[in-house]
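Asker: Only the shape, not the letters, is given here:
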């Protein structure tokens, strides 16, 4: 196994750990149009970036959520990464807080659109960001 | 003291804690053109958002750095918040990691421009993100 | 009633005046995921910004329509604010003019997408931007 | 026929050549809301820009695909112009390459979203970007 | 004089009325690199858009200021159009209000950067947006 | 030499071919703040993307110029890639045409700002996009 394969293998391992099925579906759906693009997502985003030391996975998901919220028009990716955030140990409340924290920097529309994506994911997974009384 | 004043007071306290002088300079420079805008920054961004529970200040700065990097064209604000990141206990290495983590989401140009802002702040404060041997 | 409540009350009053039901639905849909975000929309966007003196409501809606068109990917908010524009006395023709005026600054794609949102709102309300012969 | 009409006529001719039916549908759908906006698309985008010398139509479509991918939130326009790219002689593989080439500049989310638009167009037209063995 | 020349002439007239010297400098600075781009600014932005009926020049400048603030990274254009806003009868206070009104939609960084451009223009022209006591 | 080194070596070779000194300066300036970011630029952008088959280097530079123009706020990268465009055989006139072609998609401000970057590069290299009589 050469290094290129090794990057892919490590990236795939991390993708499964972080994004589980929703990430896998994206990779799958690229196979008949741009399999190399899928390979770069695995190798570069997950094999290179997500394997770096320094920040832990929870911190990396906070950075990811903020980038995707700010970017706008990244609902499919945001759905993957709200799931990922919950997978690596952030709570639904943490996710909501991270999105609300973006308001002063990016305004309400970007955050509202991101929040409705998060809401759908929370409902699918049966979790609530609201503290019980 | 009514609640409006209270929001401002709490916001100002937080701004001093987080952004120290660079944040203060922004507020000062607005006084002769739009003092209300300065007030909203203090009341809303710092008095409301930065006082919320749930995420600690280090987590909030990661979210902020990512939002400003993604937004692009926010160098003055990024300079304030790289300083803020260091003020609340993130290391220069953490800042560099957060910016690099944005590459797959926003591409190299946004991250390169943000990194050069961070570089200037590190030099001014005499800190280095590079691990010594 | 303290000042925080007062900001909310004034914001809610203004929201009802400007955005009527479509704005109310947004607030409602946030209650089980991020009620504080809904509160900030009411307090800050409507209680603080929309109550400021200086520009009248029609002028403020022109600014809002342009910001949302330029931002892109803000269809839900644009739908609310095309409705709001008509509610405060702008005509369908004014809305169309404001969007067309954005073309040289933001290009055709943003304006086309915004225009199709406006078209849907006009149809729902049974108004036309076209001058009758 | 005066020059204004001439610009429209030339633009319409070019639009038919480049975008065929998908472009025509956009023009059609604007007739009852903002016919002048449709006219500007024809006159300015197609009559002025697309008739310029210097770059050929294939080169112009590469530039267009990259602009729309980078812009984000321009799926309807991207659908028109993936079709246009194929109409003027670029292959499905060229389109995929152009989108992948954008990754380092704009990040994966923008490119993934654009790629799924391209995928739909390829399926509708029964073409594949994958080299056969 | 044919229609193309007529569009240019009308555009130039409007540009002089609205943007006076700062707009003229932009046109001038394009002559040795892309004179056709300068011509399109005059013909399309000023000859077509700014001559449309429906909204008056003050309303059009509100839309322009909001678009440029939201766009970000458009300081040179914003400088031209803050001047233009004052030229067509908006007050410095109106300009400040329009920018502040954008905060909930686009966040503080975009508005702060725009406000500092406005501040410079106000100082050059010796006007103040602050109401005297 | 393992594959990671091989990707870097191939990327560096391509970077020298395409971006020559201006690209090299960017890499150099990252060494004391984020050398890994420099490595990713070389490995991923140049070693992976720019080595792909399918589009030639001139076509790739058209895509790059359009992406950076559309992105906005990427002057340092645009300067590198206007140089790169000329290095791989596009003419100054081609560069101007590519930027002008973006106007209908992204509006004048982004294109004007990009054009002034191109103008500076042309002057430094003593080339002109204007056809001689």
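Answerer: Here it is on my side, so go on. For clarity, every value in this text was computed on a predicted model and none was experimentally measured.

Asker: What is the burial count for the closest residue to residue A:101 other than its chain neighbours?
Answerer: Leaving aside its sequence neighbours, residue A:101 sits nearest to residue B:63 (C-beta to C-beta, 6 or more residues apart in numbering or on different chains; 4.8 Å). No exception for glycine: its C-beta is placed from N, CA and C like everyone else's. Residues near residue B:63, counting by other C-beta atoms under 10 Å in any protein chain shown, number 26.

Asker: neighbours of residue A:25, just the number please.
Answerer: By other C-beta under 10 Å, the burial measure for residue A:25, its neighbour count, is 13.

Asker: what sits against it?
Answerer: Taking C-beta atoms under 8 Å, 6 or more residues apart in numbering or on different chains, we find residue A:25 in contact with no residue.

Asker: Tell me if the helix or strand encompassing residue A:121 is near chain E.
Answerer: Using DSSP states H and E, residue A:121 sits in helix A:108-125. Yes - Helix A:108-125 is in contact with chain E by C-beta under 8 Å from any C-beta of the partner chain, via A:108-109.

Asker: Going by neighbour count, which residues in that helix are buried?
Answerer: Neighbour counts using 16 or more other C-beta atoms under 10 Å in any protein chain shown place A:108-119, A:121-122 of helix A:108-125 among the buried residues.

Asker: So which other helices or strands are in contact with it?
Answerer: helix A:57-71, helix A:75-87, helix A:92-101, helix C:3-29, helix C:35-40, helix C:57-71, helix C:75-87, helix E:103-106 (3 or more C-beta pairs under 8 Å, 6 or more residues apart in numbering or on different chains; DSSP states H and E).

Asker: Which of those helices comes out lowest on mean pLDDT?
Answerer: Per-stretch mean pLDDT for those is lowest at helix C:3-29 (a mean of 87).

Asker: what is the orientation angle of that one with helix B:3-29?
Answerer: 90 degrees (axes from the mean of the first three to the mean of the last three C-alpha atoms, to 10 degrees).

Asker: so who does the residue nearest to residue A:101 touch?
Answerer: Here residue B:63 is in contact with A:62-63, A:65-66, A:98, A:101-102, B:55 (criterion: C-beta under 8 Å, 6+ apart).

Asker: Format the helices and strands packed on helix A:108-125 as a markdown table; extra columns: distance to residue C:48.
Answerer: Below are the helices and strands packed on helix A:108-125 laid out as a markdown table (distance: least, C-beta to C-beta, whole Å):
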| stretch | distance to residue C:48 |
| --- | --- |
| helix A:57-71 | 22 |
| helix A:75-87 | 28 |
| helix A:92-101 | 17 |
| helix C:3-29 | 7 |
| helix C:35-40 | 10 |
| helix C:57-71 | 12 |
| helix C:75-87 | 17 |
| helix E:103-106 | 9 |
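
Asker: Give me the neighbour count for residue A:28.
Answerer: 11.

Asker: Over to residue A:75?
Answerer: Counted with other C-beta under 10 Å, residue A:75 comes out at 17.

Asker: Grab the nearest non-local neighbour of it.
Answerer: In space, residue A:75 is closest to residue A:117, 5.3 Å off (C-beta to C-beta, 6+ apart).

Asker: which residues does the one you found contact?
Answerer: Residue A:117 neighbours (C-beta under 8 Å, 6+ apart): A:75, A:78-79, A:82.

Asker: again, only this time at 10 Å
Answerer: The neighbours of residue A:117, taking C-beta atoms under 10 Å, 6 or more residues apart in numbering or on different chains as the test, are A:68-69, A:74-79, A:81-82, A:99.

Asker: centroid residue for chain A?
Answerer: By C-alpha atoms, centre = their mean, chain A has its centre lying nearest to residue A:81, at 2.0 Å.

Asker: Distance check, that one against residue D:71.
Answerer: Note on residue A:81: its distance to residue D:71, by C-beta to C-beta, to the nearest Å, is 22 Å.

Asker: Could you tell me which residues of chain A lie near chain D?
Answerer: Proximity of chain A to chain D, by C-beta under 10 Å from any C-beta of the partner chain, involves residues A:26, A:29-38, A:40-41, A:44-45, A:67-68, A:71-78, A:80-81.

Asker: Of those, keep whichever come out buried.
Answerer: Taking 16+ other C-beta under 10 Å as the criterion, what is buried in these is A:26, A:30, A:33-34, A:37-38, A:40-41, A:44-45, A:67-68, A:71-78, A:80-81.

Asker: Can you pull the residues of chain A lying near chain E?
Answerer: So chain A meets chain E at A:70, A:102-111 (C-beta under 10 Å from any C-beta).

Asker: ok, 6 Å please
Answerer: A:104-108 (C-beta under 6 Å from any C-beta of the partner chain).

Asker: ok, back up a step: from the contacts of residue A:117, which two are the most distant?
Answerer: A:76 and A:99 (16.7 Å; C-beta to C-beta).

Asker: ok, so of the buried residues of helix A:108-125, who is nearest chain D?
Answerer: residue A:113 (10.6 Å; C-beta to the nearest C-beta).

Asker: pLDDT score for the closest one?
Answerer: Reading off the model, residue A:113 has pLDDT 94.

Asker: any idea how far it lies from residue C:78?
Answerer: Counting by C-beta to C-beta, the gap from residue A:113 to residue C:78 is 11 Å.

Asker: Equivalent analysis for residue A:123, please.
Answerer: Counting by C-beta to C-beta, the gap from residue A:123 to residue C:78 is 25 Å.

Asker: The residue lying closest to residue A:36 once chain neighbours are set aside: neighbour count?
Answerer: The spatially closest residue to residue A:36, leaving aside those adjacent along the chain, is residue D:100, at 6.5 Å (C-beta to C-beta, 6+ apart). Residue D:100 is flanked by 22 other residues according to other C-beta under 10 Å.

Asker: Hmm, residue A:37 and residue D:100 touching each other?
Answerer: Yes - under the criterion of C-beta atoms under 6 Å, residue D:100 makes contact with residue A:37 at 5.5 Å.

Asker: so who does the nearest residue to residue A:45 once chain neighbours are set aside touch?
Answerer: Spatial nearest neighbour of residue A:45, excluding adjacent residues (C-beta to C-beta, 6+ apart): residue B:104 at 3.8 Å. In this structure, residue B:104 makes contact with A:45, A:49, D:107-108, judged by C-beta atoms under 6 Å, 6 or more residues apart in numbering or on different chains.

Asker: at 10 Å what do you get?
Answerer: So residue B:104 contacts A:40-41, A:44-46, A:48-50, A:64, A:67, A:77, B:111, D:103-104, D:107-109, F:40, F:44 (C-beta under 10 Å, 6+ apart).

Asker: now swap in residue A:107 and tell me
Answerer: A:70, A:72, C:45, C:67-68, C:71, C:74, C:77, E:70, E:102-111.

Asker: Recalculate using a threshold of 8 Å.
Answerer: C:71, E:103-107.

Asker: repeat for residue A:99
Answerer: A:65, A:69, A:111, A:114-115, A:118, C:34, C:37.

Asker: And it, how close does it get to residue C:40?
Answerer: Following C-beta to C-beta, the distance that separates residue A:99 from residue C:40 is 12 Å.

Asker: Repeat that for residue A:5.
Answerer: 49 Å.

Asker: go on, residue A:53?
Answerer: Taken as C-beta to C-beta, the span from residue A:53 to residue C:40 is 36 Å.

Asker: Quick check, residue A:88 in contact with residue A:59.
Answerer: No - counting by C-beta atoms under 8 Å, residue A:88 does not reach residue A:59; the two are 9.6 Å apart.

Asker: So for the two, which residue has more residues nearby?
Answerer: Taking other C-beta under 10 Å, residue A:88 and residue A:59 do not tie; residue A:59 has more neighbours (21 against 16).

Asker: Return the residues in contact with the closest residue to that one other than its chain neighbours.
Answerer: Nearest residue to residue A:59, sequence neighbours excluded (C-beta to C-beta, 6+ apart): residue B:62, at 5.8 Å. Residue B:62 makes contact with A:55, A:59, A:62-63, A:66, B:85, B:90, B:94, B:98, according to C-beta under 8 Å, 6+ apart.
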